[in-house]
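> please work out how this folds:
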Amino acid sequence: MLKYFGINRAIGLALMKRFWSIIAAPMTMVLIAVTLTKAEQGYYFTFTSLLALQVFFELGLVTVIAQFISHEFVSLSWGTYGEIIGDLENRKRVLNILGNSLKWYFFCSILLITSLSIAGYLFFFNETNVNISWKLPWLLAVFGVGVNLLIVPFYAFITGSGDVASVNLRALIGGILGTLLGWCVLFLGGGLYAIPALTLGSFSVSIIYLIKSKPILFKQGIFYALNKMDILHPVSWRHEIWPMQWKIAASWISGYFIFQLFVPVLFKFHGPVVAGQMGMTLSLVNAIQVICLIWPTSKMPEFGKFIAQKKWFELDLLFEKTLRHSLEACLALLTVFLILLVILENLTNFSDRFLPTWQMAIFSVSIVAQLLISNWAIYMRAHKKEPMILVSVISALLIGLSTFVTGYYFSSLGMIIGFVLITTIYVLPATYKLFKNFKRIHHA
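Prediction:
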């Protein structure tokens, strides 16, 4: 059965992490409902939406690193202590990518901590919920996200090398530890401090893994970041990295306006209570799509290797199989999930912490459409191309405008209907047409 669904160790660990999230989600929601007021719940989910602004600082580099390394690592391998084995010039070339990436993320981290601290203060300052202590939790949450950026290049590098299982194992343990810390903070009455606690757990596991399992890579990455090395054929940031990065960055930034505006807009126009309901609902609905994207994201290194070898038939065969498993899982989870939500709503006293179930059902229609879009985008980006830029920007403009207008006049229902209509009428067919044309042009 596992073999039929294409579940190897990497996908299995990723599924375990996502299933842990699914298992932990009800406990987290109960703790939020029990320990936080409705207004504090709104602050909690607005914090998480605003922290997603980190995409404006990362600018898609993590995806570019993974994809470039997947192409460069074909003739390289790992040693016992995280050393890279293979041709000297190839080793220097990939380590140069890592070193330059670390420098980029160092400056991004400083800029993020400074900018988001100030922006968050201005966003929340005029709210009337004066009894909510949000200032220090916000600063700690921003600091945690900023520091966590410093280790992102290492795991993008390891993912691109094909060692996806190690990355997923780290994510699993970090997710469990972070969740447990968050629960403890909520249980002890720490309120919004639970958000920085989540980041602390993930960061702790990540840094310990690097130092213990790949100490040589950790040292070499820092060394290449601090020193200019003499490399015969270095990767040109301007001509090789940046042409792809700015396009992915535009797509990521567009993604923020598409997926992350709901809660902050509701917070500003309708208050923290409605924002909290939307946030709690989205945390459930989005979980399904995240689980289902495990299949294509875990296969990215294999996609890259087939592309480097121009094995188009094998590439398409793997992608079609991956897409099928992803869709089958999505439909099954959607069916089970919505049934369980109806049951839970009728058996608990916390139904006012969520949006109405029928609104959640409407919104879930977009999950299938977004899953198809994401799979096609992953396939195209595995070619070190970013053809989604125009579709992403137009989608962001349409959905962003819809979110502001419908959110202001019609609250959550207007937002949901606008999002579903734009996704199914424009984004899905436009992406499919782009996908078919891309294959015709690049596989000729």
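
> which stretches in the stretch 101-250 of the chain count as helices?
Ranges of helices in the stretch 101-250 of the chain, per DSSP state H, counting those that start in this stretch, are 135-148, 152-161, 164-187, 194-213, 215-226, 242-259.

> would you mind getting the angle between the longest one and helix 194-213?
Going by axes from the mean of the first three to the mean of the last three Cα atoms, to 10 degrees, helix 164-187 is angled at 150 degrees with respect to helix 194-213.

> now do helix 164-187: which elements does it pack against?
helix 9-35, helix 152-161, helix 194-213 (3 or more Cβ pairs under 8 Å, 6 or more residues apart in numbering; DSSP states H and E). The C-beta positions use only the backbone N, C-alpha and C, and glycine is treated the same way.

> from these, pick the one with the highest average neighbour count.
Burial of the helices and strands packed on helix 164-187 is given as mean neighbour count (mean count of other Cβ atoms under 10 Å); helix 152-161 ranks first at a mean of 24.

> show me what that one is packed against.
Identification of packing neighbours for helix 152-161 by 3+ Cβ pairs under 8 Å, 6+ apart yields helix 61-72, helix 88-125, helix 164-187, helix 215-226, helix 300-308.

> run the last query once more with 6 Å
Applying 3 or more Cβ pairs under 6 Å, 6 or more residues apart in numbering; DSSP states H and E, one finds that helix 152-161 contacts helix 61-72, helix 88-125, helix 164-187.

> make a markdown table out of the ones you listed and add mean neighbour count and distance to Leu266.
Shown next, in a markdown table, are the helices and strands packed on helix 152-161 (neighbours: other Cβ atoms under 10 Å; distance: least, Cβ to Cβ, whole Å):
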| stretch | mean neighbour count | distance to Leu266 |
| --- | --- | --- |
| helix 61-72 | 23 | 29 |
| helix 88-125 | 17 | 13 |
| helix 164-187 | 20 | 22 |
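
> let's have the ones you listed in CSV, adding distance to Leu421.
Below are these laid out as CSV (distance: least, Cβ to Cβ, whole Å):
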stretch, distance to Leu421
helix 61-72, 29
helix 88-125, 29
helix 164-187, 34
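
> nearest to Ala156, of these?
Ranking the helices and strands packed on helix 152-161 by their distance to Ala156 (criterion: Cβ to Cβ) puts helix 61-72 first, at 3.9 Å.

> mind saving the C-alpha coords of that closest one as PDB?
Below are the C-alpha coordinates for helix 61-72, written out as PDB (Å, rounded to 0.1, in the frame of the first residue of the first chain):
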ATOM      1  CA  LEU A  61      16.000  32.500  -2.400                       C
ATOM      2  CA  VAL A  62      15.400  29.300  -0.400                       C
ATOM      3  CA  THR A  63      13.600  27.700  -3.500                       C
ATOM      4  CA  VAL A  64      16.400  28.800  -5.800                       C
ATOM      5  CA  ILE A  65      19.000  27.300  -3.600                       C
ATOM      6  CA  ALA A  66      17.300  23.900  -3.400                       C
ATOM      7  CA  GLN A  67      16.800  23.800  -7.200                       C
ATOM      8  CA  PHE A  68      20.300  24.900  -8.100                       C
ATOM      9  CA  ILE A  69      21.900  22.400  -5.700                       C
ATOM     10  CA  SER A  70      19.700  19.600  -7.000                       C
ATOM     11  CA  HIS A  71      21.300  20.200 -10.400                       C
ATOM     12  CA  GLU A  72      24.800  20.700  -9.100                       C
END
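
> what is the subsequent helix or strand relative to it?
strand 77-78 (DSSP states H and E).

> partner strands of that next one and their direction?
Sheet pairing of strand 77-78 (DSSP bridges) gives strand 84-85 (antiparallel).

> hang on, the earlier thing: of the helices and strands packed on helix 164-187, which is nearest Ala287?
Closest to Ala287 of the helices and strands packed on helix 164-187 is helix 9-35 (Cβ to Cβ; 6.0 Å).

> all helices for the stretch 301-444 of the chain, in order.
For the stretch 301-444 of the chain, applying DSSP H, counting those that start in this stretch gives helices covering 312-347, 357-381, 389-422, 428-442.

> quick one: which of the ones you listed is nearest Leu59?
Of all these, helix 389-422 comes closest under Cβ to Cβ, at 13.2 Å.

> what about that closest one, distance to the chain center?
Here the centre of helix 389-422 is set off from its chain's centre by 20 Å, with Cα atoms, centre = their mean, to the nearest Å.

> pLDDT wise, what is the residue nearest to Leu315 when sequence neighbours are not counted at?
Spatial nearest neighbour of Leu315, chain neighbours left out: Phe306 (4.0 Å); criterion: Cβ to Cβ, 6 or more residues apart in numbering. pLDDT, Phe306: 88.

> quick check: Phe306 touching Glu314?
Yes: the pair Phe306 / Glu314 is scored as a contact, 5.2 Å apart, by Cβ atoms under 6 Å.
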